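Q: What follows is a predicted structure for the sequence shown.
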Amino acid sequence: MRRVVFLSLISLFASAAEIPSGTHVLLRMVNSINTRTAREGDRVYLQTASPIAVNGKILVPPGTYVEGTVSHAKQSGMVSGRAELGIRLETLTLEGKSLKISPRLGSVDSHDTSQHVEQNENIVKQGNDYGTDARRIAILAGSGASIGGIADNSWSSAGIGAGIGSAVGVATTLLTRGKQVELRQGTTLDVVFDRPITVE
């Protein structure tokens, strides 16, 4: 009897493997979420885009499902405040078994935006729009100067037009929300396991 139990334990440990702490894996969004509509508690669905291999053996193949929830969602403000989106990854489904996980976000596909991961806060933040705001104000100021100069054919009118254009640009900027954080279907996230996970 003892021999049977001993052999069973050996078999159990032989079939079990461990994803080490510090392992990176690339995940791909299955659904889309953004800070305009996301609410705390909304479900998030992803799949592994890269395998997790340990000692030459693939423990988690590509296409493995990962689920999580939105832990924090904040829209960008009209005057200040950048959009923020927190995701808590909770389970990895492997061969019908759900493994509890809690990796941290490492990086995010920005899709030509300035959204990035604040690793100390484990959230995705949108970058500032200072460059876009400055361009908007400059374009409207230039348009105002052109219109003023054409209308009165004088430099003073051009100056007044530029001032009005700048004022309109500032007002437009203040009344326009900044970009939202958007994780579209297919967006990739790099996540890091902070603790080892046993895979049987």
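A: Perfect, thanks for sending it.
Q: contacts and neighbour counts: CA atoms only from here.
A: Fine.
Q: Walk me through the domains of this protein.
A: Domain segmentation of the chain under automatic domain parsing yields 18-127+178-199, 130-174.
Q: quick one: terminal-to-terminal distance for stretch 188-200?
A: 27 Å (Cα to Cα, to the nearest Å).
Q: What of stretch 56-63?
A: Stretch 56-63: ends 19 Å apart by Cα to Cα.
Q: What lies in contact with it?
A: Residues from elsewhere that reach stretch 56-63, judged by Cα atoms under 8 Å, 6 or more residues apart in numbering: 17, 19, 47, 48, 49, 50, 51, 52, 53, 94, 199.
Q: Can you tell me which of those end up in strands?
A: 17, 19, 47, 48, 52, 53, 94, 199 (DSSP state E).
Q: Identify the farthest-apart pair in the residues you listed.
A: Using Cα to Cα, those span at most 20.6 Å, a distance reached by 17 and 47.
Q: just to revisit the earlier point, save the domains of the chain as TSV, and put in mean pLDDT and mean neighbour count too.
A: Output for the domains of the chain, formatted as TSV (pLDDT from 0 to 100; neighbours: other Cα atoms under 10 Å):
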stretch	mean pLDDT	mean neighbour count
domain 18-127+178-199	91	18
domain 130-174	51	17
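Q: quick one, phi/psi of residue 31?
A: With angles defined as degrees, to the nearest 10, residue 31 sits at phi -110, psi 170.
Q: Provide the secondary structure category for the nearest residue to residue 26 once chain neighbours are set aside.
A: Leaving aside its sequence neighbours, residue 26 sits nearest to residue 190 (Cα to Cα, 6 or more residues apart in numbering; 4.6 Å). Counting by DSSP: H, G, I helix; E, B strand; the rest coil, the backbone at residue 190 sits in strand.
Q: Run through the bridge partners of residue 190.
A: Beta-bridge partners of residue 190, counted by DSSP bridges, are residue 26, residue 107.
Q: so which of the ones in strands among the contacts of stretch 56-63 comes closest to residue 36?
A: residue 47 (23.5 Å).
Q: List the residues that contact the closest one.
A: 27, 28, 29, 30, 62, 63, 64, 65, 66.
Q: how about the helices in this protein?
A: 2-15, 130-152, 155-174 (DSSP state H).
Q: Next, work out how far apart residue 102 and residue 124 are.
A: 16 Å.
Q: Check residue 24 too.
A: 17 Å.
Q: follow-up on the earlier one: tabulate the ones in strands among the contacts of stretch 56-63 in CSV, adding columns for distance to residue 75.
A: Shown next, in CSV, are the ones in strands among the contacts of stretch 56-63 (distance: Cα to Cα, whole Å):
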residue, distance to residue 75
17, 41
19, 35
47, 26
48, 28
52, 34
53, 38
94, 34
199, 38
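Q: What is the nearest of the residues you listed to residue 182?
A: Using Cα to Cα, the ones in strands among the contacts of stretch 56-63 come closest to residue 182 at residue 47, 17.5 Å.
Q: who's that closest one bridged to?
A: Bridge pairing for residue 47 - DSSP bridges - gives residue 28, residue 65.
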